[in-house]
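Peer 1: Sequence first, predicted model second:
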Amino acid sequence: MSLGKRIAFLGAGNMAEALVKGLLRAGVAEPREIVCSDRNEARGPELKQRYGVEFTRSNREAVERCELVVLSVKPQVMNKLLAEIAPVLDDKKLVISIAAGVPIEAIERKLGHGVRIVRTMPNTPALVGAGATALSAGEHATEADLAQARALFDAIGKTAVVDEGLLDAVTGLSGSGPAYIFLIIEALSDAGVKVGLPRATAQELAAQTVLGSAKLLIDTGEHPGRLKDQVTSPGGTAIAGLHTLEAGGLRTTLMDAVEAATRRSRELGEKFLEKDD
Ligand SMILES: NC(=O)C1=CN([C@@H]2O[C@H](COP(=O)(O)OP(=O)(O)OC[C@H]3O[C@@H](n4cnc5c(N)ncnc54)[C@H](OP(=O)(O)O)[C@@H]3O)[C@@H](O)[C@H]2O)C=CC1
Ligand SMILES: O=C(O)[C@@H]1CCC=N1
(Lines give C-alpha, C1' and ligand atoms only; values in the text may rest on other atoms or scores of the structure.)
(Ligands and ions follow the chains in the order given, each with its own letter.)
Protein backbone atom coordinates (compact mmCIF):
# COMPACT_ATOMS: atom_id res chain seq x y z
CA MET A 1 0.00 0.00 0.00
CA SER A 2 1.18 3.52 -0.78
CA LEU A 3 2.82 5.35 2.14
CA GLY A 4 0.81 8.37 1.06
CA LYS A 5 3.82 10.71 0.76
CA ARG A 6 5.03 12.54 -2.30
CA ILE A 7 8.69 11.79 -2.95
CA ALA A 8 11.12 14.02 -4.86
CA PHE A 9 14.27 12.55 -6.39
CA LEU A 10 16.76 15.34 -7.06
CA GLY A 11 19.10 13.85 -9.65
CA ALA A 12 17.36 11.12 -11.63
CA GLY A 13 20.29 8.88 -12.57
CA ASN A 14 21.09 5.20 -12.02
CA MET A 15 20.45 4.93 -8.29
CA ALA A 16 17.35 7.15 -8.29
CA GLU A 17 15.88 5.08 -11.10
CA ALA A 18 16.59 1.84 -9.19
CA LEU A 19 14.77 3.29 -6.16
CA VAL A 20 11.84 4.60 -8.23
CA LYS A 21 11.36 1.27 -9.96
CA GLY A 22 11.72 -0.66 -6.69
CA LEU A 23 9.23 1.56 -4.84
CA LEU A 24 6.66 1.33 -7.63
CA ARG A 25 7.15 -2.40 -7.89
CA ALA A 26 6.60 -2.74 -4.14
CA GLY A 27 3.46 -0.57 -4.34
CA VAL A 28 4.61 1.82 -1.58
CA ALA A 29 4.30 4.79 -3.95
CA GLU A 30 2.01 5.61 -6.87
CA PRO A 31 3.62 7.03 -10.04
CA ARG A 32 1.83 10.37 -9.47
CA GLU A 33 3.41 10.59 -5.98
CA ILE A 34 6.95 10.58 -7.41
CA VAL A 35 8.54 13.73 -8.83
CA CYS A 36 11.98 13.34 -10.42
CA SER A 37 14.17 16.31 -11.26
CA ASP A 38 17.31 16.22 -13.35
CA ARG A 39 19.35 18.73 -15.26
CA ASN A 40 19.10 16.50 -18.35
CA GLU A 41 15.82 17.18 -20.13
CA ALA A 42 16.03 13.81 -21.91
CA ARG A 43 15.43 11.99 -18.59
CA GLY A 44 11.86 13.37 -18.53
CA PRO A 45 10.35 11.38 -21.42
CA GLU A 46 12.39 8.29 -20.45
CA LEU A 47 11.14 8.21 -16.87
CA LYS A 48 7.58 9.16 -17.80
CA GLN A 49 7.42 6.45 -20.43
CA ARG A 50 9.00 3.76 -18.24
CA TYR A 51 7.24 4.53 -14.93
CA GLY A 52 4.61 7.22 -15.46
CA VAL A 53 6.25 9.43 -12.81
CA GLU A 54 6.33 13.23 -12.84
CA PHE A 55 9.40 15.06 -14.12
CA THR A 56 10.73 18.60 -13.88
CA ARG A 57 14.05 20.26 -14.62
CA SER A 58 13.57 22.44 -11.54
CA ASN A 59 14.90 20.97 -8.30
CA ARG A 60 13.06 23.66 -6.37
CA GLU A 61 9.73 22.76 -7.94
CA ALA A 62 10.27 19.09 -7.07
CA VAL A 63 11.03 20.02 -3.44
CA GLU A 64 7.99 22.28 -3.22
CA ARG A 65 5.68 19.52 -4.46
CA CYS A 66 6.87 16.78 -2.06
CA GLU A 67 7.10 15.88 1.63
CA LEU A 68 10.08 13.54 1.23
CA VAL A 69 13.14 14.84 -0.62
CA VAL A 70 15.77 12.35 -1.78
CA LEU A 71 19.19 13.85 -2.58
CA SER A 72 20.41 11.62 -5.41
CA VAL A 73 23.09 13.58 -7.24
CA LYS A 74 26.82 12.74 -7.13
CA PRO A 75 28.72 14.10 -4.12
CA GLN A 76 30.74 16.36 -6.44
CA VAL A 77 27.65 18.43 -7.35
CA MET A 78 25.86 18.19 -4.01
CA ASN A 79 26.94 21.63 -2.74
CA LYS A 80 25.47 23.31 -5.79
CA LEU A 81 22.21 21.41 -5.36
CA LEU A 82 21.97 22.21 -1.64
CA ALA A 83 22.53 25.92 -2.25
CA GLU A 84 19.79 25.83 -4.88
CA ILE A 85 17.13 24.13 -2.75
CA ALA A 86 17.94 25.70 0.65
CA PRO A 87 15.43 28.56 0.20
CA VAL A 88 12.50 26.15 -0.38
CA LEU A 89 13.33 23.61 2.32
CA ASP A 90 11.90 23.83 5.80
CA ASP A 91 11.61 21.50 8.75
CA LYS A 92 8.25 20.17 7.49
CA LYS A 93 10.08 18.12 4.87
CA LEU A 94 12.20 15.05 5.49
CA VAL A 95 15.47 14.98 3.55
CA ILE A 96 16.95 11.59 2.66
CA SER A 97 20.48 11.59 1.27
CA ILE A 98 21.82 8.61 -0.65
CA ALA A 99 25.15 10.28 -1.54
CA ALA A 100 28.40 8.45 -0.81
CA GLY A 101 30.61 10.21 1.70
CA VAL A 102 28.60 13.38 2.26
CA PRO A 103 28.24 13.92 6.04
CA ILE A 104 24.89 14.87 7.62
CA GLU A 105 26.53 17.81 9.38
CA ALA A 106 27.63 19.29 6.04
CA ILE A 107 24.12 18.98 4.60
CA GLU A 108 22.65 20.58 7.72
CA ARG A 109 25.11 23.46 7.45
CA LYS A 110 24.11 24.10 3.84
CA LEU A 111 20.37 23.67 4.26
CA GLY A 112 20.05 25.49 7.55
CA HIS A 113 19.97 24.11 11.05
CA GLY A 114 16.89 22.27 12.14
CA VAL A 115 16.53 20.41 8.85
CA ARG A 116 15.44 16.77 9.31
CA ILE A 117 17.90 14.44 7.57
CA VAL A 118 18.30 10.70 7.26
CA ARG A 119 21.51 9.68 5.51
CA THR A 120 21.41 6.32 3.76
CA MET A 121 23.53 4.04 1.63
CA PRO A 122 21.38 1.86 -0.66
CA ASN A 123 22.47 -0.33 -3.57
CA THR A 124 21.18 -0.98 -7.08
CA PRO A 125 19.51 -4.38 -6.46
CA ALA A 126 16.76 -2.21 -4.86
CA LEU A 127 15.46 -2.12 -8.44
CA VAL A 128 14.33 -5.74 -8.10
CA GLY A 129 13.33 -5.53 -4.43
CA ALA A 130 16.61 -7.09 -3.24
CA GLY A 131 18.45 -3.98 -2.03
CA ALA A 132 20.63 -3.61 1.05
CA THR A 133 20.43 -0.21 2.71
CA ALA A 134 21.96 1.22 5.86
CA LEU A 135 20.47 4.34 7.44
CA SER A 136 21.57 6.88 10.00
CA ALA A 137 19.48 9.73 11.42
CA GLY A 138 20.62 13.33 11.72
CA GLU A 139 20.33 15.36 14.91
CA HIS A 140 16.93 16.84 14.03
CA ALA A 141 15.34 13.72 12.55
CA THR A 142 12.82 12.12 14.88
CA GLU A 143 12.28 8.43 15.54
CA ALA A 144 9.24 8.71 13.26
CA ASP A 145 11.43 10.18 10.49
CA LEU A 146 13.87 7.30 10.75
CA ALA A 147 10.96 4.83 10.75
CA GLN A 148 9.48 6.57 7.69
CA ALA A 149 12.77 6.39 5.78
CA ARG A 150 13.30 2.82 6.86
CA ALA A 151 9.82 1.84 5.68
CA LEU A 152 10.70 3.12 2.19
CA PHE A 153 13.87 1.04 1.99
CA ASP A 154 12.32 -1.99 3.74
CA ALA A 155 9.92 -2.16 0.81
CA ILE A 156 12.82 -2.67 -1.59
CA GLY A 157 15.13 -4.94 0.36
CA LYS A 158 16.86 -5.29 3.72
CA THR A 159 17.78 -2.40 5.99
CA ALA A 160 20.05 -1.76 8.95
CA VAL A 161 20.33 1.33 11.15
CA VAL A 162 23.98 2.18 11.89
CA ASP A 163 25.98 5.04 13.41
CA GLU A 164 26.83 7.59 10.77
CA GLY A 165 30.54 6.83 11.25
CA LEU A 166 29.94 3.38 9.75
CA LEU A 167 28.30 4.56 6.53
CA ASP A 168 31.63 4.81 4.67
CA ALA A 169 32.23 1.14 5.50
CA VAL A 170 28.72 0.29 4.28
CA THR A 171 29.51 2.17 1.06
CA GLY A 172 32.68 0.07 0.64
CA LEU A 173 30.81 -3.20 1.24
CA SER A 174 27.16 -3.23 0.12
CA GLY A 175 26.87 0.17 -1.63
CA SER A 176 29.71 -0.65 -4.02
CA GLY A 177 29.36 -4.43 -3.64
CA PRO A 178 27.08 -5.10 -6.63
CA ALA A 179 29.94 -3.94 -8.87
CA TYR A 180 32.25 -6.56 -7.35
CA ILE A 181 29.65 -9.30 -7.70
CA PHE A 182 28.88 -8.43 -11.34
CA LEU A 183 32.60 -8.57 -12.05
CA ILE A 184 32.76 -11.99 -10.39
CA ILE A 185 29.75 -13.25 -12.38
CA GLU A 186 31.31 -11.95 -15.59
CA ALA A 187 34.60 -13.67 -14.74
CA LEU A 188 32.83 -16.95 -13.88
CA SER A 189 30.95 -16.77 -17.19
CA ASP A 190 34.24 -16.26 -19.04
CA ALA A 191 35.62 -19.22 -17.13
CA GLY A 192 32.65 -21.34 -18.18
CA VAL A 193 33.27 -20.40 -21.81
CA LYS A 194 36.96 -21.25 -21.40
CA VAL A 195 36.05 -24.78 -20.25
CA GLY A 196 33.67 -25.23 -23.19
CA LEU A 197 30.20 -23.98 -22.18
CA PRO A 198 28.10 -21.80 -24.48
CA ARG A 199 28.18 -18.14 -23.29
CA ALA A 200 24.48 -17.90 -22.40
CA THR A 201 24.52 -21.16 -20.45
CA ALA A 202 27.71 -20.14 -18.63
CA GLN A 203 26.24 -16.78 -17.58
CA GLU A 204 22.95 -18.29 -16.45
CA LEU A 205 24.73 -20.93 -14.36
CA ALA A 206 27.15 -18.39 -12.89
CA ALA A 207 24.41 -15.92 -11.89
CA GLN A 208 22.14 -18.63 -10.49
CA THR A 209 25.04 -20.02 -8.46
CA VAL A 210 25.62 -16.60 -6.84
CA LEU A 211 21.90 -16.11 -6.23
CA GLY A 212 21.36 -19.64 -4.91
CA SER A 213 24.40 -19.57 -2.62
CA ALA A 214 23.31 -16.24 -1.09
CA LYS A 215 19.77 -17.56 -0.64
CA LEU A 216 21.02 -20.78 0.96
CA LEU A 217 23.13 -18.79 3.42
CA ILE A 218 20.32 -16.38 4.31
CA ASP A 219 17.56 -18.98 4.52
CA THR A 220 19.52 -21.46 6.65
CA GLY A 221 21.45 -18.93 8.76
CA GLU A 222 24.44 -21.30 8.51
CA HIS A 223 28.03 -20.07 8.71
CA PRO A 224 29.46 -19.64 5.17
CA GLY A 225 32.44 -21.81 6.07
CA ARG A 226 30.14 -24.71 6.96
CA LEU A 227 28.21 -24.36 3.68
CA LYS A 228 31.54 -24.27 1.81
CA ASP A 229 32.58 -27.48 3.57
CA GLN A 230 29.37 -29.17 2.38
CA VAL A 231 30.46 -28.60 -1.26
CA THR A 232 33.98 -29.83 -0.67
CA SER A 233 34.55 -33.60 -0.97
CA PRO A 234 37.94 -34.99 0.12
CA GLY A 235 40.23 -34.99 -2.89
CA GLY A 236 37.34 -33.61 -4.99
CA THR A 237 36.77 -30.83 -7.45
CA ALA A 238 35.72 -27.94 -5.18
CA ILE A 239 38.83 -28.15 -3.01
CA ALA A 240 40.96 -28.02 -6.17
CA GLY A 241 39.17 -24.82 -7.20
CA LEU A 242 39.34 -23.34 -3.69
CA HIS A 243 43.09 -23.97 -3.52
CA THR A 244 43.53 -21.93 -6.69
CA LEU A 245 41.40 -19.07 -5.28
CA GLU A 246 43.43 -19.02 -2.06
CA ALA A 247 46.71 -19.11 -4.02
CA GLY A 248 45.43 -16.12 -6.02
CA GLY A 249 44.69 -14.22 -2.81
CA LEU A 250 40.95 -13.86 -3.38
CA ARG A 251 40.14 -13.20 0.30
CA THR A 252 42.79 -10.53 0.67
CA THR A 253 41.85 -8.99 -2.67
CA LEU A 254 38.20 -8.67 -1.63
CA MET A 255 39.20 -7.23 1.75
CA ASP A 256 41.49 -4.74 0.01
CA ALA A 257 38.69 -3.79 -2.41
CA VAL A 258 36.22 -3.03 0.39
CA GLU A 259 38.91 -1.09 2.26
CA ALA A 260 39.79 0.95 -0.86
CA ALA A 261 36.14 1.82 -1.52
CA THR A 262 35.61 2.74 2.15
CA ARG A 263 38.67 4.99 2.01
CA ARG A 264 37.37 6.62 -1.17
CA SER A 265 33.99 7.26 0.46
CA ARG A 266 35.80 9.02 3.35
CA GLU A 267 37.87 11.06 0.87
CA LEU A 268 34.71 12.18 -0.94
CA GLY A 269 33.34 13.34 2.41
CA GLU A 270 36.54 15.21 3.29
CA LYS A 271 36.63 16.89 -0.13
CA PHE A 272 33.01 17.86 0.35
CA LEU A 273 33.79 19.46 3.72
CA GLU A 274 36.80 21.36 2.28
CA LYS A 275 34.78 22.82 -0.59
CA ASP A 276 32.20 25.41 0.15
CA ASP A 277 31.00 26.42 -3.31
N1 LIG B 1 25.06 3.97 -8.46
C2 LIG B 1 25.08 3.30 -7.32
O3 LIG B 1 25.22 2.07 -7.29
C4 LIG B 1 24.91 4.02 -6.01
C5 LIG B 1 24.93 5.40 -5.94
N6 LIG B 1 24.77 6.03 -4.75
C7 LIG B 1 24.79 7.49 -4.67
O8 LIG B 1 23.72 7.96 -5.46
C9 LIG B 1 24.05 9.23 -6.00
C10 LIG B 1 23.77 9.21 -7.50
O11 LIG B 1 24.59 8.23 -8.08
P12 LIG B 1 24.22 7.65 -9.52
O13 LIG B 1 22.75 7.51 -9.63
O14 LIG B 1 25.09 6.49 -9.72
O15 LIG B 1 24.70 8.88 -10.43
P16 LIG B 1 24.16 9.31 -11.87
O17 LIG B 1 25.22 10.17 -12.47
O18 LIG B 1 23.66 8.13 -12.62
O19 LIG B 1 22.88 10.23 -11.51
C20 LIG B 1 22.95 11.54 -11.05
C21 LIG B 1 22.03 12.37 -11.93
O22 LIG B 1 21.94 13.69 -11.40
C23 LIG B 1 22.07 14.63 -12.47
N24 LIG B 1 22.48 15.92 -11.93
C25 LIG B 1 23.73 16.41 -11.77
N26 LIG B 1 23.68 17.64 -11.23
C27 LIG B 1 22.38 17.93 -11.04
C28 LIG B 1 21.70 19.04 -10.51
N29 LIG B 1 22.33 20.13 -10.04
N30 LIG B 1 20.35 19.01 -10.47
C31 LIG B 1 19.66 17.92 -10.94
N32 LIG B 1 20.27 16.83 -11.46
C33 LIG B 1 21.61 16.84 -11.50
C34 LIG B 1 23.08 13.98 -13.34
O35 LIG B 1 23.14 14.61 -14.61
P36 LIG B 1 24.54 14.52 -15.44
O37 LIG B 1 24.57 13.13 -15.99
O38 LIG B 1 24.38 15.58 -16.46
O39 LIG B 1 25.64 14.78 -14.49
C40 LIG B 1 22.56 12.54 -13.36
O41 LIG B 1 21.51 12.37 -14.28
C42 LIG B 1 25.51 9.49 -5.67
O43 LIG B 1 25.60 10.42 -4.62
C44 LIG B 1 26.04 8.13 -5.25
O45 LIG B 1 27.05 8.25 -4.28
C46 LIG B 1 24.52 5.34 -3.58
C47 LIG B 1 24.47 3.99 -3.60
C48 LIG B 1 24.73 3.20 -4.79
O1 LIG C 1 30.81 4.53 -7.02
C2 LIG C 1 30.12 5.30 -6.37
O3 LIG C 1 30.54 6.41 -6.03
C4 LIG C 1 28.73 4.89 -5.93
C5 LIG C 1 28.55 4.94 -4.45
C6 LIG C 1 28.20 3.54 -4.03
C7 LIG C 1 28.22 2.79 -5.27
N8 LIG C 1 28.49 3.51 -6.28
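Peer 2: Perfect, I can see it now. Nothing here was measured: the structure is a model prediction, and the numbers come from that model. Ligands and ions are numbered 1, 2, ... in the order given.
Peer 1: only C-alpha atoms for contact and neighbour calcs from this point on.
Peer 2: Fine.
Peer 1: tell me the average confidence for stretch 107-125?
Peer 2: For stretch 107-125, mean pLDDT rounds to 93.
Peer 1: start to end distance for that stretch?
Peer 2: Start and end residues of stretch 107-125 are separated by 26 Å (C-alpha to C-alpha, to the nearest Å).
Peer 1: The residue in the stretch 1-150 of the chain that ligand 2 sits nearest to: neighbouring residues, count only.
Peer 2: Residue of the stretch 1-150 of the chain nearest ligand 2, by C-alpha to the nearest ligand atom: residue 100 (5.1 Å). Other residues near residue 100 number 29, with proximity taken as other C-alpha atoms under 10 Å.
Peer 1: residue contacts, residue 259?
Peer 2: Each residue near residue 259 by C-alpha atoms under 8 Å, 6 or more residues apart in numbering is listed here: 169, 172.
Peer 1: quick revisit: list the contacts of the residue of the stretch 1-150 of the chain closest to ligand 2.
Peer 2: Listed by C-alpha under 8 Å, 6+ apart, the contact partners of residue 100 are 74, 75, 121, 168, 171, 265, 268, 269.
Peer 1: backbone phi and psi for it, please?
Peer 2: The phi/psi pair for residue 100 (degrees, to the nearest 10) reads phi -70, psi 130.
Peer 1: Repeat that for the one 4 residues further on.
Peer 2: Main-chain dihedrals, residue 104, degrees, to the nearest 10: phi -60, psi -40.
Peer 1: Flag every residue of the chain that's near ligand 1.
Peer 2: Applying C-alpha under 6 Å from any ligand atom, one finds that the chain approaches ligand 1 through 10-16, 37-40, 72-75, 77, 81, 98-100, 121-124, 175.
Peer 1: rewinding a little: which of the contacts of residue 100 has the most neighbours?
Peer 2: Among the contacts of residue 100, the one with the most neighbours (other C-alpha under 10 Å) is residue 171, at 27 neighbours.
Peer 1: what's the most distant pair in the contacts of residue 100?
Peer 2: Pairwise distances across these (C-alpha to C-alpha) peak at 15.0 Å, for the pair 74 and 168.
Peer 1: just to revisit the earlier point, can you add secondary structure and give the contacts of residue 100 back as a markdown table?
Peer 2: Shown next, in a markdown table, are the contacts of residue 100 (DSSP: H, G, I helix; E, B strand; the rest coil):
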| residue | secondary structure |
| --- | --- |
| 74 | coil |
| 75 | helix |
| 121 | strand |
| 168 | helix |
| 171 | helix |
| 265 | helix |
| 268 | helix |
| 269 | helix |
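Peer 1: quick one: which of the residues you listed is nearest to ligand 1?
Peer 2: Among the contacts of residue 100, residue 74 lies closest to ligand 1 (C-alpha to the nearest ligand atom), at 3.6 Å.
Peer 1: which residues touch that closest one?
Peer 2: 99, 100 are the contacts of residue 74 under C-alpha under 8 Å, 6+ apart.
Peer 1: before we move on, what about residue 123?
Peer 2: Residues in contact with residue 123 (C-alpha under 8 Å, 6+ apart) are 15, 131, 132, 133, 174, 175, 176, 178.
Peer 1: What of residue 152?
Peer 2: Counting by C-alpha under 8 Å, 6+ apart, residue 152 has contacts 23, 28.
Peer 1: measure it to ligand 2 for me?
Peer 2: 19 Å (C-alpha to the nearest ligand atom, to the nearest Å).
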